[in-house]
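> sequence and predicted structure below; questions after.
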Amino acid sequence: MQLDETVAAVVTGGASGLGEATARMLASAGVKVAVFDMNADAGRKVAEDIGGLFVAVDVTSEDSVVAGYETARAAHGQERILVNCAGIAPAAKTVSRGAPHSLEMFEKVIAVNLSGTFRNMAHSSTGMTTLEPRGISGERGVIVSTASVAAFDGQIGQAAYAASKGGIAALTLPVARDLSQYGIRVMTIAPGIFETPMLMGLSEEIQASLGKQVPFPSRLGRADEYAQLVRAICENEMLNGETIRLDGAIRLAPR
């Protein structure tokens, strides 16, 4: 898909981190970007910077998501690109000090990361089916979601997070197959250890230690490198139905 001013996009979790970098990359290519996020102050700032639109959206709420797409489409038209970056990553062991993992926490992680991703996939792709196909292949849209290397190498304390991200990876192929008849591609990126707001709050010493765990390059990944891969996925229409690890060859240890 060619990225230009005739294309609209929605980026969930677009107010910070990987989502912000993606929103900025798409806008720099001329794409009309709607930023979906719960952080209104940061979201409005990003939207203002890129000439886009901020919409306060809770991905766990059906009504909020539906209203978000109505607002985005009224401003920019039907999106051809959806990038799912909204997510949370609380940590808890299955058993800790004689107490079981909070089921409420587990269900919240699943609701945000997995169900929230699929909810956006379903609503965005439904709209994409109404678009005119483009190019020789008749492409209508591209959906990129965010898993994590924890989907495959989940660490101690990551039961909920790894389950949610593993679910996103598992969704990728069947949803790609579901949507193939409409010319809509579906891909997932599984980042390794990246410079996200959560990690940037740690000390420089801890950040450096984490970076050294990466075989090459031995550093934390940058958000713009995630955005670069999103762009490559959008522009290469043979990329479909796959999860790509973006991790510098790291394989997470148990802790």
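Yep, that arrived. From a predicted model like this one, the values you see are computed outputs, not experimental measurements.
> run the chain-centre distance for stretch 4-16.
Mean C-alpha position of stretch 4-16 versus that of the full chain (Cα atoms, centre = their mean, to the nearest Å) differs by 11 Å.
> who's in contact with the closest residue to residue 113 other than its chain neighbours?
Leaving aside its chain neighbours, residue 113 sits nearest to residue 164 (3.6 Å; criterion: Cβ to Cβ, 6 or more residues apart in numbering). Where C-beta positions appear, they are placed from N, C-alpha and C, glycine not excepted. By Cβ atoms under 8 Å, 6 or more residues apart in numbering, the contact set of residue 164 is 87, 109, 110, 112, 113, 114.
> name the helix or strand for the residue nearest to the fourth one when sequence neighbours are not counted, please.
Excluding the flanking residues, the one nearest residue 112 by Cβ to Cβ, 6+ apart is residue 88, at 5.1 Å. Under the criterion DSSP states H and E, no helix or strand holds residue 88.
> surely residue 88 touches residue 109?
Yes. Shown here, residue 88 and residue 109 form a contact pair, counting by Cβ atoms under 8 Å, at 6.1 Å.
> looking at those two, which is more packed in?
residue 109 (23 against 16; other Cβ atoms under 10 Å).
> quick one, longest strand in this protein?
Assignment by DSSP state E gives strand 184-191 as the longest strand of the chain.
> so for it, mean pLDDT?
Strand 184-191 shows a mean pLDDT of 98.
> swap in stretch 60-71?
On average, the pLDDT along stretch 60-71 is 98.
> what's near enough to touch the residue nearest to residue 112?
Neighbouring residues of residue 88 by Cβ under 8 Å, 6+ apart: 108, 109, 112, 113.
> wait, a strand at residue 155?
No. Assessed with DSSP: H, G, I helix; E, B strand; the rest coil, residue 155 is coil; it does not lie in a strand.
> do you know how far it is from residue 213?
According to Cβ to Cβ, to the nearest Å, residue 155 stands 11 Å off from residue 213.
> name the residues contacting each of those two.
Common contacts of residue 155 and residue 213 (Cβ under 8 Å, 6+ apart): residue 253.
> in the protein, where's the longest helix?
helix 159-179 (DSSP state H).
> okay, helices next: where are they in the stretch 101-250 of the chain?
Secondary structure of the stretch 101-250 of the chain, counting by DSSP state H, counting those that start in this stretch: helices at 103-109, 116-128, 150-153, 159-179, 197-200, 204-212, 223-235.
> any chance of those in JSON lines, plus distance to residue 27 and mean pLDDT?
Below are the helices of the stretch 101-250 of the chain laid out as JSON lines (distance: least, Cβ to Cβ, whole Å; pLDDT from 0 to 100):
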{"stretch": "helix 103-109", "distance to residue 27": "30", "mean pLDDT": "98"}
{"stretch": "helix 116-128", "distance to residue 27": "18", "mean pLDDT": "98"}
{"stretch": "helix 150-153", "distance to residue 27": "29", "mean pLDDT": "96"}
{"stretch": "helix 159-179", "distance to residue 27": "25", "mean pLDDT": "98"}
{"stretch": "helix 197-200", "distance to residue 27": "20", "mean pLDDT": "74"}
{"stretch": "helix 204-212", "distance to residue 27": "28", "mean pLDDT": "81"}
{"stretch": "helix 223-235", "distance to residue 27": "11", "mean pLDDT": "98"}
